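Q: sequence unknown, structure follows:
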């Protein structure tokens, strides 16, 4: 754990260091290149701002209206019928829509069951192998004006639910259900 | 598809809100949603601009080309219709590398640049190309080596061994990425 934390402290500075040293060796005009990139980066943020606003209004309205909770309640009996822990049902849905809301649910689970409980471990692994699908898709596709997204959503959802299932199976196998 | 989802978010949210008597919350959401997006954009602006700047240095120094070169076979497999000399490749490689290292903020500018380059190769306006679908599927299957945030939360809530789930997490993320890639490969031939 200590080593991991050290690595995580090092990873960003070392990445920057390597890039800058390499740039120096290749006689790149460092500051000029940085400014040019930063300018492009800022323009990108401005361009995606409308998408962000639309997306967050949509997600906030969905959450405030209570539809996610309703869906969770409806799906829970179905999921428990397949041997899926009821405590994890909200997280599987919310994770697709909002990263911050998912973290909120995760810490709720940690507070209620403890991070070293079965559901605590499964939800930790789930967070590692799933992604906020709708956010990512909207951001990237709308940045280049794509509306026909073809099989992307289906593949992403299958990958996500595979992640949930594999988390459950692996944690049960490695740590047991205790 | 995105139209349908977004419309569903709004219509579903407002109707359930009316049904469950939570219209006050919905009202706040309509107003605050835009506000939190702008706040997020402010945070993003600094970080994304910084990483885009660093990325440009790496690009000028030839580092990203070298990275793309290293991933040639992998990129050939995933994106057969993107020529080896095309700039899309290096941005895709940079995005994957940043994601893999857990540098989410650094991945975004590279990812957006990759989409722009892929859009130049796209012959059908408004319709995602195979390469775009594949790129996003890999992105959304969350190929990541270390998820430090999760470990930090686990530690915060008193886990005896916060990092014990890491091995399982890596296996799980590998599996989801492979499933995503294979499924996308399987489906991309359709609809021509």
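A: Sure, I can see it. None of the values given here were measured: they were computed from a predicted structure.

Q: contacting residues for residue 14?
A: Just so you know, I chose chain A. If a contact means CB atoms under 8 Å, 6 or more residues apart in numbering or on different chains, then residue A:14 has no contacts. All C-beta spots, glycine's among them, are computed from the backbone N, C-alpha and C.

Q: sorry, should have said chain B
A: Residues near residue B:14 by CB under 8 Å, 6+ apart: A:61, A:65, B:26.

Q: ok so the first one is a strand residue?
A: So the one you mean is residue A:61. No - Residue A:61 is assigned helix when assessed by DSSP: H, G, I helix; E, B strand; the rest coil, not a strand.

Q: that one contacts residue B:9, doesn't it?
A: Yes - Residue A:61 is in contact with residue B:9 according to CB atoms under 8 Å; the separation is 6.3 Å.

Q: what helices or strands is the lowest-mean-pLDDT helix or strand in chain B leaning on?
A: None of the helices or strands of chain B scores lower by mean pLDDT, DSSP states H and E than helix B:148-156, at a mean of 87. For helix B:148-156, the elements it packs on are helix A:2-25, helix A:99-113, helix A:118-129, judged by 3 or more CB pairs under 8 Å, 6 or more residues apart in numbering or on different chains; DSSP states H and E.

Q: give me the contacts around that helix.
A: Under CB under 8 Å, 6+ apart, the answer for helix B:148-156 is A:1, A:4-5, A:8, A:103, A:106-107, A:110, A:115, A:120, A:124, A:127-128, B:102, B:162-163, B:165-166, B:169.

Q: what subset of those residues is buried?
A: A:8, A:103, A:106-107, A:110, A:115, A:120, A:124, A:127-128, B:102, B:162-163, B:165-166, B:169 (16 or more other CB atoms under 10 Å in any protein chain shown).

Q: looking at the residues you listed, spot the one nearest residue A:76.
A: Relative to residue A:76, the closest of the buried ones among the contacts of helix B:148-156 is residue A:106; by CB to CB it sits at 17.8 Å.

Q: taking the centroid of chain A, which residue is nearest it?
A: residue A:131 (3.5 Å; CA atoms, centre = their mean).

Q: distance check, it against chain B.
A: Distance, residue A:131 to chain B, by CB to the nearest CB, to the nearest Å: 4 Å.

Q: for residue A:135, same thing?
A: Residue A:135 sits 9 Å away from chain B, taking CB to the nearest CB as the criterion.

Q: and for that residue, the neighbour number?
A: Residue A:135 has 19 neighbours, counted by other CB atoms under 10 Å in any protein chain shown.

Q: just confirm it is within a helix.
A: Yes - if the criterion is three-state DSSP, then residue A:135 is within a helix.

Q: once you drop chain neighbours, what's closest to it?
A: residue A:55 (6.3 Å; CB to CB, 6 or more residues apart in numbering or on different chains).

Q: could you say what helices and strands the one helix or strand that neighbour maps to packs with?
A: Using DSSP states H and E, residue A:55 sits in helix A:30-65. On a contact count with 3+ CB pairs under 8 Å, 6+ apart, helix A:30-65 meets helix A:2-25, helix A:89-97, helix A:133-143, helix B:2-19, helix B:23-60, helix B:104-121.

Q: you'd agree the residue nearest to the centre of chain A is up against residue B:144?
A: No - using CB under 8 Å as the test, residue A:131 is too far from residue B:144 to be in contact (9.2 Å).

Q: where does the residue nearest to the centre of chain A land in three-state SS?
A: What three-state DSSP gives for residue A:131 is coil.

Q: isn't residue A:20 up against residue B:58?
A: No - applying CB under 8 Å, one finds residue A:20 not in contact with residue B:58, separated by 9.0 Å.

Q: report how many residues lie close to the closest residue in space to residue B:117 that isn't next to it in sequence.
A: Once flanking residues are discounted, residue B:117 sits nearest to residue B:88: 3.5 Å by CB to CB, 6+ apart. Neighbourhood size, residue B:88 [other CB under 10 Å]: 24.

Q: good, we can wrap up now.
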